[in-house]
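> Give me coordinates for this.
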Amino acid sequence: MKNTFGTSVALTLFGESHGEMIGAVLDGLAPGIAVEEAAIEAALQKRRPQGAVSTARREQDPFRIVSGVFNGKTTGTPLCILIPNENKKSRDYEATRFLARPGHADYTANEKYHGFQDYRGGGHFSGRITAALVAAGAILQSALREKGIRIGSHVKALHGILDREFSDIEADLDRLAPMPFPVLDAAAAEKMQEAILTAKAECDSLGGILECIVTGVPAGVGEPWFDSVESLLSHALFSVGGVKGIEFGTGFDMANRKGSEVNDDFRMENGKVITATNRNGGINGGITNGMPILFRLAVKPTPSIAKQQQTVDFSAMENADIAIEGRHDPCIVHRAAAVAEAVTALVIADLLAQRFGTDWLKGA
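Numbers count the residues shown, from 1 in each chain. Got it, this is the predicted structure:
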């Protein structure tokens with residue numbers, strides 16, 4: 001099982017949903033990066049379940065940094081974060097141990113790990129592991145902000161309900177940063193939450209689309225072909241459970257348009273090269289062009305639903321039925337925003353370290 005991503009700046013995840021702890025190791029960080037525990041706590045708070053639109057499993061995530069930080073700054077050695085699992089109900093999974101939950105990794109995990117995997121709560125495949133990812137990503141986001149690079153996201157669409165586009169990007173990022181349900185239009189946010197509660201009452205779930213933006217990345221970062229900015233972001237973001245699609249800039253809608261409608265004209269503004277539009281999402285030839293990096297993620301509906309579904313008992317090798325009990329989110333898209341931002345921070349930090357050297361990430 002490979003659990004590490006990154007080249008110059010690398011992240012390793014470990015732990016299981018109902019194990020003692022989950023955690024992350026960041027390796028390749030420059031010495032001297034400020035580590036603000038308040039920023040980590042703020043990122044974890046954004047990921048936590050909020051109200052009736054989220055799961056009843058509530059974890060306080062009292063993280064501990066056990067290596068790689070001294071006197072509030074990174075030392076340059078591997079940084080390890082530990083987060084205990086405190087609110088576990090493992091017995092909820094005993095009755096369905098050998099039933100493959102539709103949309104989950106129960107069957108595929110059993111085939112790969114020959115029955116030795118921790119099946120409780122999805123084990124290592126659980127969204128619970130993303131808490132450690134978010135904690136590590138918060139450190140990278142802080143380092144990137146010191147270099148003028150910001151990352152933000154909002155729920156662009158949910159069950160046919162649309163949020164508005166980014167307009168004043170910096171102001172929008174300020175507004176979104178503390179939101180547990182990150183939507184720019186208040187009326188759209190209310191309708192989205194009503195739709196989630198309706199699905200929950202029907203023992204069902206909803207998915208949605210996240211729109212993410214990165215500002216301040218200079219032109220010339222990334223590689224053509226296999227290590228393009230799109231390639232690496234897609235690789236990392238598809239590693240997050242629930243993400244089933246990604247598009248950059250105008251994305252799939254380009255297939256319905258002419259070249260004159262999707263090309264971005266280059267212009268000079270205040271002595272700097274810009275593009276008049278940003279239909280390519282800030283990337284040309286796999287390399288950043290200095291405009292905001294913009295992409296959207298399709299997040300599938302939560303697979304754990306209480307409706308009766310058909311499955312198999314892979315121990316007895318016979319057909320069966322299942323209705324999933326326990327504490328589950330009727331929608332994960334709003335909580336996934338913090339995860340997408342953390343993953344994006346990892347990829348951008350790694351790309352910048354490769355381009356300018358690892359020490360570039362440390363503060364002035």
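
> Quick one: residues contacting residue 305.
With contact taken as CB atoms under 8 Å, 6 or more residues apart in numbering, residue 305 is in contact with 203-205, 324, 328. All C-beta atoms are positioned from the backbone trio N, CA, C, and that covers glycine.

> List just the nearest of these to residue 258.
residue 205 (38.6 Å; CB to CB).

> tally of neighbours for that closest one?
For residue 205, the neighbour count with other CB atoms under 10 Å is 22.

> Can you tell me how far it is from residue 328?
Residue 205 sits 8 Å away from residue 328, going by CB to CB, to the nearest Å.

> Overlap in contacts, the two.
In contact with both residue 205 and residue 328: 302, 304-305, using CB under 8 Å, 6+ apart.

> Which residues does the helix or strand residue 108 falls within contact?
For residue 108, the enclosing helix or strand under DSSP states H and E is helix 106-113. If you take CB under 8 Å, 6+ apart as the criterion, helix 106-113 is touched by 1, 99-100, 117, 119, 122-123, 125, 312, 314.

> Point out the least confident one among those.
Within these, residue 1 has the lowest pLDDT, namely 61.

> Now do stretch 20-33: distance from first to last residue.
Stretch 20-33 has an end-to-end distance of 29 Å (CA to CA, to the nearest Å).

> what are the phi and psi values for the nearest residue to residue 330 once chain neighbours are set aside?
Spatial nearest neighbour of residue 330, excluding adjacent residues (CB to CB, 6 or more residues apart in numbering): residue 200 at 3.8 Å. When read as degrees, to the nearest 10, the backbone of residue 200 gives phi -60, psi -40.

> Against residue 120, how distant is residue 200?
From residue 200 to residue 120 the distance is 23 Å (CB to CB).

> nearest residue to residue 67 other than its sequence neighbours?
Per CB to CB, 6+ apart, closest to residue 67 is residue 80, 4.5 Å.

> Please put the alpha-carbon coordinates of the strand or helix carrying residue 44 into CSV.
Using DSSP H and E, residue 44 sits in helix 37-47. Extracted as CSV, the C-alpha positions of helix 37-47 are listed here (Å, rounded to 0.1, in the frame of the first residue of the first chain):
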residue,chain,number,x,y,z
GLU,A,37,-1.3,25.8,15.5
ALA,A,38,-4.2,28.3,15.2
ALA,A,39,-4.1,28.0,11.4
ILE,A,40,-4.1,24.2,11.7
GLU,A,41,-7.1,24.3,14.1
ALA,A,42,-9.0,26.7,11.7
ALA,A,43,-8.5,24.3,8.8
LEU,A,44,-9.6,21.3,10.8
GLN,A,45,-12.7,23.3,12.0
LYS,A,46,-13.6,23.9,8.4
ARG,A,47,-13.4,20.1,7.7
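
> Give the rounded mean pLDDT of that helix.
For helix 37-47, mean pLDDT is 94.

> Neighbours of residue 7, how many?
So residue 7, with other CB under 10 Å, has 12 neighbours.

> Oops, could you answer that again for residue 111 instead?
Residue 111, neighbours per other CB under 10 Å, totals 11.

> Could you do residue 243 as well?
Look at residue 243: counted by other CB under 10 Å, it has 20 neighbours.

> just checking, it touches residue 237?
Yes: taking CB atoms under 8 Å as the definition, residue 243 is a contact partner of residue 237 at 5.5 Å.

> got any residues that touch both of those two?
The contact sets of residue 243 and residue 237 overlap at 297, 340 (CB under 8 Å, 6+ apart).

> What segments of the stretch 151-300 of the chain are strands?
With DSSP state E, counting those that start in this stretch, the ranges of strands along the stretch 151-300 of the chain come out as 161-162, 208-215, 243-248, 266-269, 272-275, 283-284, 287-288, 293-299.

> Could you name the helices and strands sitting against the biggest helix by length in the chain?
If you go by DSSP state H, the chain has its longest helix at helix 333-356. Judged by 3 or more CB pairs under 8 Å, 6 or more residues apart in numbering; DSSP states H and E, helix 333-356 is in contact with helix 37-47, helix 130-146, strand 150-158, strand 208-215, helix 229-237, strand 293-299.
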